[in-house]
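Enquirer: Just the structure for this:
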Amino acid sequence: MSNVEADPAEVRCAAQADEVRGAAAPRVEVLAPRKVPLGGPRAMTVRRTLPQRNRSLIGAWCFADHYGPDDVAATGGMDVAPHPHTGLQTVSWLFSGEIEHRDSLGSHAFVRPGELNLMTGGHGIAHSEVSTPRTTVLHGVQLWVALPEEHRGTDRDFQHHVPEPVRLPGAELRVFLGSLAGARSPVRTFTPLLGAEVLLAPHASLTLGLDAAFEHGLLLDTGSVRVAGTALAPAELGYVHPGADSLTLTNTSAETARAILLGGAPFEEEIVMWWNFVGRSHEDIVTARADWMTGTRFGEVHGYDGDRLPAPELPSVALRPRRRRG
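Expert: Residues are numbered from 1 along each chain as shown. This is a model prediction of the structure:
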């Protein structure tokens, strides 16, 4: 998905190690989302929890949009014209609906519930995303992963994976990146990461073993869940500092709760993120924008009915550095 804000902020994220905690109960920070319209008179609104002032990254996860359930008849659904990406991977995960993906690698695929689509931008890729005519309700998350410096210029790539469900007492997991509860995803990432969908039965409790070197975030979609005793409301993200080797989730509601669990080793590099680009300097962003507007770096997306997205105007000055933790 593109960040289609008309005036996107330039974000500098610099590494700042968080305090590593021992075996005591994890401390949970609750991050509230902000609403961002995806453009047009019937704009589909997304809830963005990363980046924000209090936290820019969770591991290498640098962007998290949560959207729906949207009645496509009312909102028009998703229609994101061809747009570029550099220095990142996009992770698409749906709860309902279907999205058609086309990219300049030549990939033509569909995003469906319970199936992972991961696209690597690297040096540069372009893609489009359109909800299909058979979609009535669109609901899911769009996530970005920053690439480390040594892999920032890697070749463009596209991977599709359907994880097998892991059934536990009162819970079901789908591990789409990394490993959890004995399940491991074969999908390649460039830093240690975790991504999983978690379903909790009404009033069920689940304790998961974690990699204590990771920081984690739980993005709640439905239900009311307590994360290590801290309550989360739908669309909120609970952040857990490195050092926790287990995490207890409790569904306090009478409906099935659904959440996305993210994790990763703290990302110790400074990044600059603007529009759909992740670089290391203001100059990286300027070059990427110019290449999109005038060059062939990103390739062509074939099969989309319409023009590609133009890049917004760059800000007149760079913003002050924003640390990994605000």
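
Enquirer: what's the nearest residue to M119 if we skip its chain neighbours?
Expert: T90 (4.7 Å; C-beta to C-beta, 6 or more residues apart in numbering). C-beta coordinates here come from the backbone N, C-alpha and C atoms, glycine included.

Enquirer: Name whatever forms a beta bridge with D65.
Expert: R48, Q142 (DSSP bridges).

Enquirer: hang on, W61 packs against L50?
Expert: Yes. At 6.4 Å, W61 counts as touching L50 under the criterion of C-beta atoms under 8 Å.

Enquirer: what stretches of the stretch 151-300 of the chain score poorly on pLDDT?
Expert: Filtered on pLDDT under 70, the stretch 151-300 of the chain yields no residues whatsoever.

Enquirer: How about the stretch 1-150 of the chain?
Expert: The low-confidence ranges in the stretch 1-150 of the chain, as defined by pLDDT under 70, are 1-25, 39-43.

Enquirer: Now do the helices in it.
Expert: Applying DSSP state H, counting those that start in this stretch to the stretch 1-150 of the chain gives helices spanning 72-75.

Enquirer: quick one, phi psi at I285?
Expert: Backbone torsions of I285, given as degrees, to the nearest 10, read phi -70, psi -40.

Enquirer: In contact with it, which residues?
Expert: E10, V272, W274, W275, F277, G279, L314 (C-beta atoms under 8 Å, 6 or more residues apart in numbering).

Enquirer: thinking again about what came up before, which residues touch the residue nearest to M119?
Expert: M1, N117, L118, M119, G121, H127, Q142, L143, W144, V145.

Enquirer: ok, these vs T252, which is closest?
Expert: L143 (26.0 Å; C-beta to C-beta).

Enquirer: from memory that closest one sits against L262, does it?
Expert: Yes. L143 lies in contact with L262 (C-beta under 8 Å); the separation is 7.4 Å.

Enquirer: circling back: just grab the bridge partners of the residue nearest to M119 for me.
Expert: Under the criterion used (DSSP bridges), T90 bridges to M119, W144.

Enquirer: related to what we said a few turns ago, now the common contact residues for W61 and L50.
Expert: Listed as contacting both W61 and L50 by C-beta under 8 Å, 6+ apart are G217.

Enquirer: So for the two, which sits in the more crowded spot?
Expert: More crowded of W61 and L50, by other C-beta atoms under 10 Å: W61, with 28 against 22.

Enquirer: Compute the number of surrounding residues for L88.
Expert: Counted with other C-beta under 10 Å, L88 comes out at 26.

Enquirer: Identify the residues contacting it.
Expert: So L88 contacts C62, F63, G121, W144, V145, A146, L147, V278 (C-beta under 8 Å, 6+ apart).

Enquirer: buried subset of those?
Expert: C62, F63, G121, W144, V145, A146, L147, V278 (16 or more other C-beta atoms under 10 Å).

Enquirer: Among these, pick out the one closest to G195, please.
Expert: Once C-beta to C-beta is applied, the member of those that ends up nearest G195 is V145, at 8.9 Å.

Enquirer: tell me the contacts of the closest one?
Expert: Contacts for V145 (C-beta under 8 Å, 6+ apart) come out as A60, W61, C62, L88, Q89, T90, V91, T189, F190, T191, L193.

Enquirer: ok, now how distant is the nearest residue to A288 once chain neighbours are set aside from P51?
Expert: Leaving aside its chain neighbours, A288 sits nearest to F277 (4.5 Å; criterion: C-beta to C-beta, 6+ apart). As judged by C-beta to C-beta, to the nearest Å, F277 and P51 stand 14 Å apart.

Enquirer: the more surrounded of those two?
Expert: F277 (26 against 23).

Enquirer: and the more buried one, what does it touch?
Expert: Here F277 is in contact with P84, H85, T86, G87, D284, I285, A288, R289 (criterion: C-beta under 8 Å, 6+ apart).

Enquirer: Most neighbours among the residues you listed, which one is it?
Expert: G87 (30 neighbours).

Enquirer: tally of neighbours for the closest residue to G59 other than its chain neighbours?
Expert: Among residues not flanking G59 along the chain, G264 sits closest, at 1.6 Å (C-beta to C-beta, 6+ apart). Burial of G264 is recorded as 27 neighbouring residues (other C-beta under 10 Å).
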